[in-house]
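>>> just to be clear, the model below is a prediction. Sequence and coordinates:
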Amino acid sequence: MQSVIFDMPIRNCPSADNIMISIDVAVQLRVKPGMQSVRSFCFKTNPAELSNLLEDSLNERIRILLRGKTHLDAYSIKGKECRGTIITHLNNIFDSKGIEIEDVSIMEVGLPNDVANTLEQKTAYQCKNELQRKKQCFELMVLQDNQALSLIKQSMLVERQNEMEKFKKESAQVIKEHKYHNH
């Protein structure tokens, strides 16, 4: 009645864009509770048949799912929706044999080396471009900030000079009035 893990690599699965992808799948299964399920398992199948049927069913379902996706979307089969579809499909097949599929885990999705390297280079190039774009934005902001600071400094200098002129005029006026009153 305990759960068993069945690990199966599936090689050369074609994607929608005909890229051959390797998938490593682990299936957690058990004999369903109840004497009827135990009898069904014991008398309707044997471990070798179970292994072959599980391999064939899993291989077929993974290939169907992957055939509907491009190599760029291949990693999405790790998602809950695809896993649920696989579990439902397998449970429909194994129900009459007293077996319950508890979980399916897509352990690894592997692209061919040349495709993986190309995608890695593309991603690295995109990251470098994004970094360069952010660096340019930063430098532009620094330049704009320096220009704004320069304008503020210039404005303050003009304001200071105006205040100095105003002070000189008022000071001259006070001196002039003081001389006028003393004479």
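Received the coordinates, thanks.
>>> which parts of the protein are strands?
For the chain, the strands defined by DSSP state E cover 4-14, 20-31, 99-110.
>>> just give me how far the helix or strand of the chain with the lowest mean pLDDT sits from the chain centre.
For the chain, using mean pLDDT, DSSP states H and E, the weakest element among its helices and strands is helix 35-44, scoring a mean of 84. Relative to the centre of its chain, helix 35-44 is centred 44 Å away, using Cα atoms, centre = their mean, to the nearest Å.
>>> and stretch 163-179, by the same measure?
On Cα atoms, centre = their mean, the centre of stretch 163-179 falls 72 Å from that of its chain.
>>> next one: stretch 60-71
21 Å.
>>> for stretch 76-84, same thing?
On Cα atoms, centre = their mean, the centre of stretch 76-84 falls 15 Å from the chain's centre.
>>> between the least confident helix or strand of the chain and strand 99-110, how many degrees?
Calculated by axes from the mean of the first three to the mean of the last three Cα atoms, to 10 degrees, helix 35-44 forms an angle of 70 degrees with strand 99-110.
>>> buried residues in helix 35-44?
Using 16 or more other Cβ atoms under 10 Å as the test for burial, helix 35-44 gives Ser37, Ser40, Phe41. Glycine gets a C-beta too; all of them are placed from N, C-alpha and C.
>>> contacting residues for the last one?
The contact partners of Phe41, by Cβ atoms under 8 Å, 6 or more residues apart in numbering, come to Val31, Lys97, Gly98, Ile99.
>>> the second one reaches Arg39, doesn't it?
Right, Lys97. No - counting by Cβ atoms under 8 Å, Lys97 sits too far from Arg39 to count as a contact (10.7 Å).
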